[in-house]
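Q: Fold the following.
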Amino acid sequence: MKIDRSSRVGDEMQRVISQIIREDVKDPRIPLLTSVLEVRMSHDLSHATVYLSVMSDAKSIEDCKAAIDSASGFIKREVCKRIKLRIAPEFHFVFDNSIERGMQLMKLIDQTVQEDKARG
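A: Residues are numbered from 1 along each chain as shown. You can find the predicted model right below:
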């Protein structure tokens, strides 16, 4: 399987952005359980879509979105220092709630199984 350059850069960018958010961004609005799920790079490496997941309530997620938006310039500058690229990519942060939806579905499945056991 051939892995193209944009995938390799995206993987490295995921590692670096995760480290920056965890260690360098000092905003208390960003919860500890904030993860970078994936970074998808455009083929010309000029745009990076960063998928984030936050395990928290809706208010904390909105606060985290605001904090990430305000820190995006800092994140971009730090990424450019750590990864040598010809063009500094534009970052697009997307918050993904698929993990939370999966947990809700598992809870519903467990609840249904318990109800079926109680009936018969």
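Q: Leaving aside the residues adjacent along the chain, what's closest to the most centrally placed residue in the chain?
A: By C-alpha atoms, centre = their mean, the chain has its centre lying nearest to residue 52, at 1.7 Å. Distances taken as C-beta to C-beta, 6 or more residues apart in numbering place residue 95 nearest to residue 52, at 5.3 Å, with adjacent residues excluded. Every residue, glycine included, has its C-beta placed from N, CA and C.
Q: what about the strands in the chain?
A: When secondary structure is read from DSSP state E, the chain shows strands at 34-41, 47-54, 90-95.
Q: Mean pLDDT and distance to residue 6 for those strands - can I get that in JSON lines?
A: Formatted as JSON lines, these follow (pLDDT from 0 to 100; distance: least, C-beta to C-beta, whole Å):
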{"stretch": "strand 34-41", "mean pLDDT": "93", "distance to residue 6": "4"}
{"stretch": "strand 47-54", "mean pLDDT": "94", "distance to residue 6": "10"}
{"stretch": "strand 90-95", "mean pLDDT": "94", "distance to residue 6": "14"}
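Q: Tell me which other helices or strands the longest helix out of those in the chain touches.
A: Using DSSP state H to define each element, the chain has its longest helix at helix 58-82. Helices and strands touching helix 58-82, by 3 or more C-beta pairs under 8 Å, 6 or more residues apart in numbering; DSSP states H and E, are helix 5-19, strand 47-54, strand 90-95.
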